[in-house]
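Novice: predicted model and sequence below, questions to follow.
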Amino acid sequence: DTEVTQTPKHLVMGMTNKKSLKCEQHMGHRAMYWYKQKAKKPPELMFVYSYEKLSINESVPSRFSPECPNSSLLNLHLHALQPEDSALYLCASSQDPRWNYGYTFGSGTRLTVV
Amino acid sequence: DAKTTQPPSMDCAEGRAANLPCNHSTISGNEYVYWYRQIHSQGPQYIIHGLKNNETNEMASLIITEDRKSSTLILPHATLRDTAVYYCIVIGDGNNRLAFGKGNQVVVIP
């Protein structure tokens, strides 16, 4: 298995809802990442997990809460989002947090906040 | 991390080699050059990386100048499926902040 699987592929949520994005990989990768991508913009790093521990939070608002229950799974919990949070949310993994090559990205969850 | 400069867009002819330039004049000795690409509606895809030697894999070749201030990604026989935004990134090992710049929108024309 050489893929990063993200679910759901599309999500519409209200500003008072609580929802979660899920990311899964079975490549034995020890680093996992969340990126946010607005339309026609490059992906922006949000969080980095290294050996299941949060190592980088790029000053992301607390309405986004990451969780890494085990080495294969990464979640992003969403609460009280704003319409400007609508974007494509990409998950990625890499073999070793020391290296920057060979990131494998999922196809993303397209989130719309209404 | 060193800043990179790429053309915002370029067209390439199908079947021909595509040469994608990247300037990184402030690169440090321990920083690598990475190339990723993003095809429309997909997540980014790793292509190749190098430190100072030229590199080749099944997807592309990476040519880094001797002074390491610039590099060129070569797609040997461009196909329509190579149409994508190509990102040149310079970063050192141990730095997990893989950051994407504006990239180069490459369109392969039949």
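Specialist: Arrived safely. Residues are numbered from 1 along each chain as shown, chains lettered A, B, ... in the order given.
Novice: now do the same contact list for residue 22.
Specialist: By default, I'm working from chain A. A:6-7, A:73-75 (C-beta atoms under 8 Å, 6 or more residues apart in numbering or on different chains). The C-beta positions use only the backbone N, C-alpha and C, and glycine is treated the same way.
Novice: wrong chain, I was asking about chain B
Specialist: B:4-6, B:33, B:35, B:70-73, B:88.
Novice: quick one: buried ones out of these?
Specialist: Taking 16 or more other C-beta atoms under 10 Å in any protein chain shown as the criterion, what is buried in those is B:4, B:6, B:33, B:35, B:70-73, B:88.
Novice: out of those, list just those in helices.
Specialist: Within the buried ones among the contacts of residue B:22, no residue falls in helices by DSSP state H.
Novice: so what pLDDT did whichever residue of chain B sits closest to chain A get?
Specialist: Closest residue of chain B to chain A, C-beta to the nearest C-beta: residue B:43 (2.9 Å). If you check residue B:43, the pLDDT there is 95.
Novice: what does residue B:2 give?
Specialist: If you check residue B:2, the pLDDT there is 66.
Novice: start to end distance for stretch A:35-51?
Specialist: Across stretch A:35-51, the terminal residues are separated by 18 Å (C-alpha to C-alpha, to the nearest Å).
Novice: wait, doesn't residue A:43 sit right on residue B:100?
Specialist: Yes. Look at residue A:43 against residue B:100 with C-beta atoms under 8 Å: they come within range, at 5.1 Å.
Novice: please enumerate the shared neighbours of these two.
Specialist: Residues touching both residue A:43 and residue B:100 by C-beta under 8 Å, 6+ apart: residue B:44.
Novice: so between those two, which is more surrounded?
Specialist: Comparing residue A:43 with residue B:100 by other C-beta atoms under 10 Å in any protein chain shown, the one with more neighbours is residue A:43, at 26 against 19.
Novice: and the closest residue to that one other than its chain neighbours, what does it touch?
Specialist: Nearest residue to residue A:43 in three dimensions, chain neighbours excluded: residue A:35, at 4.0 Å (C-beta to C-beta, 6 or more residues apart in numbering or on different chains). Contacts for residue A:35 (C-beta under 8 Å, 6+ apart) come out as A:43-46, A:89-92, A:105.
Novice: among these, which are located in strands?
Specialist: Within these, residues falling in strands by DSSP state E are A:44-46, A:89-92, A:105.
Novice: so which helix or strand takes in residue B:86?
Specialist: Secondary structure from DSSP states H and E places residue B:86 in strand B:84-92.
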